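Q: fold the following for me, if possible:
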Amino acid sequence: MSEWISVRDRLPEADKLVLVYTPPQPGDYPEDIRMEFDYIDQDSGAWFVHSEHYEHYCCVAKGGSDISWSGPSEAAPYTHWMPLPALPKE
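A: From the prediction side, this is the model:
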């Protein structure tokens, strides 16, 4: 079984899908677990899925001045990642 790897120690190879972890955020329920799949885009060097969310927030979702909006920051909030396990054998 793979272990979690801190993004401070090293990042995954570009274009390799991995499981990423984000610590609890303000407003999360105590049982919320923030894990998802992402990969570092070889062309941009940024986390791909997170970058898409950030761009969407900046271009579309950010509302007017009378609404309090919070969204993803430019830097991905991931603290750890893990390689995906091998596929099951049939």
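
Q: pull out the buried positions in stretch 80-89.
A: By 16 or more other CB atoms under 10 Å, the buried positions in stretch 80-89 come out as 80, 81, 82. In this view, the C-beta of every residue, glycine as well, is placed from N, C-alpha and C.

Q: so after the host helix or strand of residue 53, what's the next helix or strand?
A: Assigned by DSSP states H and E, residue 53 belongs to helix 48-56. Helices and strands here follow DSSP H and E; after helix 48-56, the next one along the chain is strand 80-83.

Q: which other helices and strands contact that next one?
A: strand 5-6, strand 18-22 (3 or more CB pairs under 8 Å, 6 or more residues apart in numbering; DSSP states H and E).

Q: what sits up against it?
A: Strand 80-83 is contacted by residues 2-7, 11-12, 16, 18-21 when judged by CB atoms under 8 Å, 6 or more residues apart in numbering.

Q: and the residues you listed as CSV, adding pLDDT?
A: Shown next, in CSV, are those (pLDDT from 0 to 100):
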residue, pLDDT
2, 73
3, 91
4, 95
5, 96
6, 96
7, 93
11, 94
12, 94
16, 95
18, 94
19, 94
20, 94
21, 92
